[in-house]
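**Student:** no sequence on this one, just coordinates:
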């Protein structure tokens, strides 16, 4: 079923039930809309775009931070038969220009946070973009844009009934660019439908569940986890802000049952409770049944700590890529808590293999590249046949991730293929070292990258972000370098970081470590420790 048809069904069957809630704790604001209103707004958007000459297969850029309007606008674009192009709200003007050109954008819908960035590039897009729509306060609307209120004032709330096939192109999602220039991942309506089915199968959402959505909606991770509630006609709360107390307040006050967290946010909650900054007893958390996590490898010590504080929670790890229509191609499964540390087994409707360079399956226990197959695999990289040919092989997708499979069939993620450090002929997988470092009680976050070395080729550098209570110690002493060096002696000698840097660990909005930034920042740094 086309996902716009699922929205129509929800409006018919659950019209007066709350579909979306927006919480903005920093401004003490709360808004909500029903499924009927969600559906009505999507049709208003669709008809307004069609009136502006948007047609099937056109592309409409959506550049907005999370808000209650985000999803109705997205569904309105899909309802025209055009392709939605949600962009990373951290993209600067040059990346916005690049993605708009690559997608052949015919319209751009943007919020107030992007006025300056759009102003820099709009003249370079004047031959492509038919019109600009502004979603912020009317008084801030730039003269070249039409305010969304005026655009919708004369629109029809009826479904425009554009014929859409399940195989039609639906959206272009640009990769996060953590390893270079973003690539446009072309997804079909079948891809989006399959993501709904997979999420519902994995986490058993019912009409009575309530999902807390915190990550950015432009990314497939947040939206495709929301799809489980969407296909069930259940409520979802969009939370603006990631402070631990805001998350727990939302869970308590909105009676949240399912939360998807990124690793840094989960650590922040644990640290705040364990350090006494938050009194867990002040919150009503009994209805919270599932904590699932993903977007990066999940350290085993995080889950062990979580289960001590929340023993009644179901838990799941979810692995996926933009190219697989988000998370779910591999997942741990709620019944496999004994395999903490693994990313899991093939998800519902998915196949997985660990392969060598010739794409032949390797024996269990040996590292290789993870390759996946299922109805969630992207159609292609938009306008990039060379990269498409590298990634797609007879329905299979090469993920670029190094993994191994154990004797029980569980997959363990080792690292990104591009991030593997080769030192003296030995492979070091940074994720393994990062997970190890996160077991130290004074470390808040850690990243490991390779830096050139004349003798060994590369050596491992650890960028360590200590916890606030360590950073703010009373005697203002330096971080305990010697303590960390001794701690790392538990590792095999070749795996030990040779350089220790104490700094913040940069992460993108989906929680991934931005290693190109670290490589650029610390080029030429010499060793603090040797061993």
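**Tutor:** Cool, the structure landed. Computed from a prediction, not measured in an experiment: that's the story for all the values here. Residues are numbered from 1 along each chain as shown.

**Student:** in three-state terms, label residue 501 for me.
**Tutor:** Using DSSP: H, G, I helix; E, B strand; the rest coil as the criterion, the local structure at residue 501 reads strand.

**Student:** check the gap between the nearest residue to it once chain neighbours are set aside and residue 506 for me.
**Tutor:** Nearest residue to residue 501, sequence neighbours excluded (Cβ to Cβ, 6 or more residues apart in numbering): residue 463, at 4.8 Å. Every residue, glycine included, has its C-beta placed from N, CA and C. Between residue 463 and residue 506 the distance is 9 Å, computed by Cβ to Cβ, to the nearest Å.

**Student:** who touches both of the two?
**Tutor:** When contacts are counted by Cβ atoms under 8 Å, 6 or more residues apart in numbering, residue 463 and residue 506 are jointly contacted by residue 518.

**Student:** neighbour count: those two, which is higher?
**Tutor:** Summary of the neighbour comparison: residue 463 and residue 506, criterion other Cβ atoms under 10 Å, with residue 463 having more neighbours (26 against 17).

**Student:** so who does that one touch?
**Tutor:** Contacts for residue 463 were tallied using Cβ under 8 Å, 6+ apart; they are 446-449, 501-503, 505, 518, 522.

**Student:** for the one helix or strand residue 44 maps to, list every residue counted as buried.
**Tutor:** Secondary-structure element containing residue 44, defined by DSSP states H and E: helix 35-51. Along helix 35-51, the positions that meet the burial threshold by neighbour count (16 or more other Cβ atoms under 10 Å) are 35-50.

**Student:** returning to that earlier point: just the buried ones from the contacts of residue 463?
**Tutor:** By the neighbour-count criterion of 16+ other Cβ under 10 Å, the contacts of residue 463 include these buried positions: 446-449, 501-502, 505, 518.

**Student:** from these, which land in helices?
**Tutor:** residue 518 (DSSP state H).

**Student:** dump the buried ones among the contacts of residue 463 to CSV, plus distance to residue 79 and pLDDT.
**Tutor:** Output for the buried ones among the contacts of residue 463, formatted as CSV (distance: Cβ to Cβ, whole Å; pLDDT from 0 to 100):
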residue, distance to residue 79, pLDDT
446, 45, 90
447, 42, 89
448, 45, 89
449, 44, 85
501, 49, 87
502, 51, 89
505, 41, 90
518, 42, 84
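
**Student:** low pLDDT regions in the chain?
**Tutor:** 176-180, 295-297, 424-426, 454-455, 471-480, 509-511, 523-531 (pLDDT under 70).

**Student:** domain map for it?
**Tutor:** Following automatic domain parsing, one finds the domains of the chain at 3-12+33-188, 420-521.

**Student:** any idea what residue 403 is bridged to?
**Tutor:** With DSSP bridges applied, the residues forming beta bridges to residue 403 are residue 368, residue 413.

**Student:** verify the contact between it and residue 371 for me.
**Tutor:** No: the pair residue 403 and residue 371 does not pass the contact test of Cβ atoms under 8 Å, sitting 9.6 Å apart.

**Student:** and the two? which has more neighbours close in?
**Tutor:** A direct count of neighbours by other Cβ under 10 Å for residue 403 and residue 371 places residue 403 higher, at 23 against 20.

**Student:** run a quick neighbour tally on the closest residue to residue 448 other than its chain neighbours.
**Tutor:** Using Cβ to Cβ, 6+ apart and skipping the chain neighbours, the partner closest in space to residue 448 is residue 430 (3.8 Å). For residue 430, the number of neighbouring residues by other Cβ under 10 Å comes to 26.

**Student:** what separation do you get for residue 430 and residue 437?
**Tutor:** The separation that residue 430 has from residue 437, given Cβ to Cβ, amounts to 10 Å.

**Student:** ok, now residue 34?
**Tutor:** To residue 437, residue 34 is 47 Å away according to Cβ to Cβ.

**Student:** neighbour count winner among those two?
**Tutor:** More neighbours sit around residue 437 than around the other of residue 34 and residue 437, counting by other Cβ under 10 Å; the figures are 23 against 18.

**Student:** which residues touch the more buried one?
**Tutor:** Residues touching residue 437, when contacts are defined by Cβ under 8 Å, 6+ apart, comprise 443, 446, 448, 462, 464, 484, 487-488.
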